[in-house]
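Peer 1: Here is my input; please provide its structure:
(2 chains)
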Amino acid sequence: MKEFLIHGSYLLGAALFVLGLKRMSRVRTAEKGNQIAGIGMLLAVVATLAAVAGLNWGIVIAGVIVGGAIGAFLAKKVEMTGMPELVALFNGLGGAGSMFVALSYYVGHRHQEGGAWAMIARLPESMQKGLTLADGLGGTAAVSTILSLLVGGVTLTGSLVAFAKLSGKMKGAPILLPARHAINIGGIVSVLLLGMIACFVTTGGFSTAALIVIVTLISLALGVLLVIPIGGADMPVVISLLNSYSGIAAAMTGFVLLGSSQGSLMLIVSGALVGAAGIILTGLMCKAMNRSLLHVLAGGFGDTGSSSAGSSEYTNVRSTSPEEVAMLLDGAPQVIIVPGYGLAVAQAQHAIAELDNLLTARGTTVKYAIHPVAGRMPGHMNVLLAEANVPYEKLVDMDEINPEFKNTAVAIVVGANDVVNPAAIKDPKSPIAGMPILNVFDAQSVIVIKRSLSPGYAGIKNELFEYPNTSMLFSDAKAAIQTISKELKDI
Amino acid sequence: MFIIGLYVFVLALFLGVEVITKVPPTLHTPLMSGANAISGITIVGAISSATAAAMTGSSVLAFIAVVMATVNVVGGFLVTDRMLKMFAAPPKKNG
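Peer 2: I've put the predicted structure just below:
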């Protein structure tokens, strides 16, 4: 009976994850979907507490209280602009969790009693008899332990590097080591090779333990090496991919526990679901930048043909003032706002919403053109604007809004750069050639609010700034928009 | 047992792809953060490994695993809820 209830809870939990994810892909049902998935998680945890014999309640309760407090604090405190970093951080912790479960399982099986240090020196009985790790744990668990360490380790340190880049603790520019591809491939191959030796060849407790430690360390190093060459602009792809990895790591943990924990299949199902979600988002992001996943992972965006793209000097750039912009906006039938990462940096979302309200009250139609990779994670702009109470119906996707620029009096570009660069469709030699862009240049007037003429993440010149219908408003985004709103009220 | 696990893994991948395709871009961030919270399911593994009675290497590692997985689960679901509440809230006019 207990067995039935436990498996029933796990199965119901897994089904709730599926239902929750389904609802999370529709705006109206998304909030419910997240709650449903949360209930699924609660069921899985309760079932586990009931299922595990000889549970050390002290560890579990202390761990849940500490972890829950940290998680709740971070979730409550984070600014919407900081969402990408927080998701990266949580991602890394999920990967780390999987890695530590694998380590703990290995150590727990190596040694039943004794201190933390004693276990390193002593040999478990099974191995004294000349048995390998695979003999001791079972082949599936042994191999899965290695894979769990690899994927979990890469997810942990990769996410931490992404976190550092996103939060500005580390420069966003790619760091390119010489022979980095050889190093990375060598790292992955050696993890797999050493892992297999640990599983099937070595029979001594110490040599196996040493190999496990080495495998873990190489995996952690790989996570760093894989993410440092990837530039800031490619972060949406990286976060999606790491999200997928954290799911795969959880599924691998499920394989480690197959046969020894009743929750193992639950882990595999949920891990695979998250893995699939991450893969889909990764694909969407790559498509939005017209780049293959391999190309993104190889890193070093912008170092290929930027020199051939001609001079980076600007000529004939016209600058404007908030008063002029306000006059232009007064009476405009349609205005399209193009937000980018600069909007997030300047925390200008509320100022934009205020300008939107003013214009709407004057009978102007206001829309927002959302490029799929605007910001630092998929959908980042949508979250920011939602925070400022902009109705999501006003946020229009790239394909739908592009034909509308022709009928638009004013397009205001706030903190976006590469995603409005016409070089992507007009210059086949450009490093961003072929990337889908927002056709803002079709609008009658284009206002670009930007601090300076400095290039975006692709590191290339933006010809849009020289177009005859473009005027630059050199200023901090928030201050500029607030001044425009003020001027508009005075008209 | 491994074969059952493999079947479940592959089929769940397909299920995930089917369930999640065609997500409107508006929901990309919350979906990612919600999926991220679900990857905290590794908490099941973390709890299962917390069986050592004494302070052993295994129990220290298990404690770390439980803490990290719980941060992922609790933080992930709460922050997703916070984001989605903003989408659901009727737009207030704050001139």
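Peer 1: What ranges in chain A fall below the confidence cut-off?
Peer 2: Per-residue confidence for chain A (pLDDT under 70) gives these ranges: A:109-131, A:203-205, A:299-312, A:457-459.
Peer 1: All the strands of it, residue numbers only.
Peer 2: A:334-339, A:365-370, A:395-397, A:410-414, A:445-450, A:470-474 (DSSP state E).
Peer 1: Dump those strands into JSON lines; add mean neighbour count as well.
Peer 2: Where C-beta positions appear, they are placed from N, C-alpha and C, glycine not excepted. As requested, the strands of chain A are arranged in JSON lines below (neighbours: other CB atoms under 10 Å in any protein chain shown):
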{"stretch": "strand A:334-339", "mean neighbour count": "25"}
{"stretch": "strand A:365-370", "mean neighbour count": "23"}
{"stretch": "strand A:395-397", "mean neighbour count": "17"}
{"stretch": "strand A:410-414", "mean neighbour count": "27"}
{"stretch": "strand A:445-450", "mean neighbour count": "25"}
{"stretch": "strand A:470-474", "mean neighbour count": "20"}
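Peer 1: Make a markdown table out of the ones you listed and add distance to B:Gly5.
Peer 2: Listed next are those as a markdown table, based on distance: least, CB to CB, whole Å:
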| stretch | distance to B:Gly5 |
| --- | --- |
| strand A:334-339 | 45 |
| strand A:365-370 | 40 |
| strand A:395-397 | 39 |
| strand A:410-414 | 49 |
| strand A:445-450 | 53 |
| strand A:470-474 | 58 |
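Peer 1: so which of those strands comes closest to B:Ser58?
Peer 2: For B:Ser58, the closest of those is strand A:365-370, at 48.3 Å, according to CB to CB.
Peer 1: What strands line up against that closest one, and which way round?
Peer 2: Using DSSP bridges, strand A:365-370 pairs in its sheet with strand A:334-339 (parallel), strand A:395-397 (parallel).
Peer 1: looking at those, which is closest to A:Gly263?
Peer 2: strand A:395-397 (39.5 Å).
Peer 1: distance of the residue sitting nearest the centre point of chain B from A:Ser270?
Peer 2: The centroid of chain B falls nearest to B:Ile38 when counting by CA atoms, centre = their mean (1.9 Å). Distance, B:Ile38 to A:Ser270, using CB to CB, to the nearest Å: 5 Å.
Peer 1: what is in contact with those two at once?
Peer 2: Here B:Ile38 and A:Ser270 have A:17, A:247 as joint contacts, going by CB atoms under 8 Å, 6 or more residues apart in numbering or on different chains.
Peer 1: and the residue nearest to A:Val78 when sequence neighbours are not counted, what does it touch?
Peer 2: Using CB to CB, 6 or more residues apart in numbering or on different chains and skipping residues adjacent in sequence, the residue nearest A:Val78 is A:Leu86, 4.8 Å away. Applying CB under 8 Å, 6+ apart to A:Leu86 gives the contacts A:74-75, A:78, B:75, B:79.
Peer 1: got CSV for these, with neighbour count and distance to A:Leu55 too?
Peer 2: Below are the contacts of A:Leu86 laid out as CSV (neighbours: other CB atoms under 10 Å in any protein chain shown; distance: CB to CB, whole Å):
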residue, neighbour count, distance to A:Leu55
A:Leu74, 20, 27
A:Ala75, 23, 27
A:Val78, 19, 33
B:Gly75, 29, 24
B:Val79, 28, 29
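Peer 1: out of everything not next to it in sequence, what's closest to residue 64?
Peer 2: Unless you meant another one, I'm taking chain A. That would be B:Thr70: by CB to CB, 6+ apart, it lies 5.1 Å from A:Val64.
Peer 1: That was the other one, I meant chain B.
Peer 2: A:Phe100 (5.0 Å).
Peer 1: likewise A:Ala15?
Peer 2: Nearest one to A:Ala15, counting by CB to CB, 6+ apart, is A:Gly40 at 7.5 Å.
Peer 1: ok, back up a step: between the strands paired with strand A:365-370, which one is closest to A:Gly247.
Peer 2: Among these, strand A:395-397 sits nearest to A:Gly247 (CB to CB), with 26.1 Å.
Peer 1: who's in contact with that closest one?
Peer 2: By CB under 8 Å, 6+ apart, strand A:395-397 touches A:367-370, A:372, A:381-382, A:385, A:404, B:24-26.
Peer 1: Was I right to think B:Ile20 contacts A:Leu21?
Peer 2: Yes: contact status for B:Ile20 versus A:Leu21: in contact at 6.1 Å, counting by CB atoms under 8 Å.
Peer 1: Can you spell out which helices and strands pack onto the one helix or strand B:Leu15 maps to?
Peer 2: Per DSSP states H and E: B:Leu15 is located in helix B:2-20. Applying 3 or more CB pairs under 8 Å, 6 or more residues apart in numbering or on different chains; DSSP states H and E, we find helix B:2-20 packed against helix A:2-24, helix A:139-166, helix A:235-257, helix A:264-288.
Peer 1: Tell me which of these sits most buried.
Peer 2: helix A:235-257 (a mean of 30; mean count of other CB atoms under 10 Å in any protein chain shown).
Peer 1: For it, which helices and strands make contact with it?
Peer 2: For helix A:235-257, the packing partners by 3+ CB pairs under 8 Å, 6+ apart are helix A:83-110, helix A:139-166, helix A:264-288, helix A:293-298, helix B:2-20, helix B:28-38, helix B:42-48.
Peer 1: Just to check, A:Gln35 is in contact with B:Leu84?
Peer 2: No: counting by CB under 8 Å, A:Gln35 stays clear of B:Leu84, with 9.1 Å between them.
Peer 1: out of those two, which sits in the busier spot?
Peer 2: The residue with more neighbours, out of A:Gln35 and B:Leu84, is B:Leu84; 26 against 17, by other CB atoms under 10 Å in any protein chain shown.
Peer 1: give me every residue that touches the more buried one.
Peer 2: A:30-31, A:34, B:30 are the contacts of B:Leu84 under CB under 8 Å, 6+ apart.
Peer 1: Apart from its neighbours in sequence, what residue is nearest it?
Peer 2: A:Glu31 (4.0 Å).
Peer 1: ok, now how distant is the one you found from A:Ser207?
Peer 2: Applying CB to CB to A:Glu31 and A:Ser207 gives a distance of 53 Å.
Peer 1: swap in A:Ile65?
Peer 2: 39 Å.
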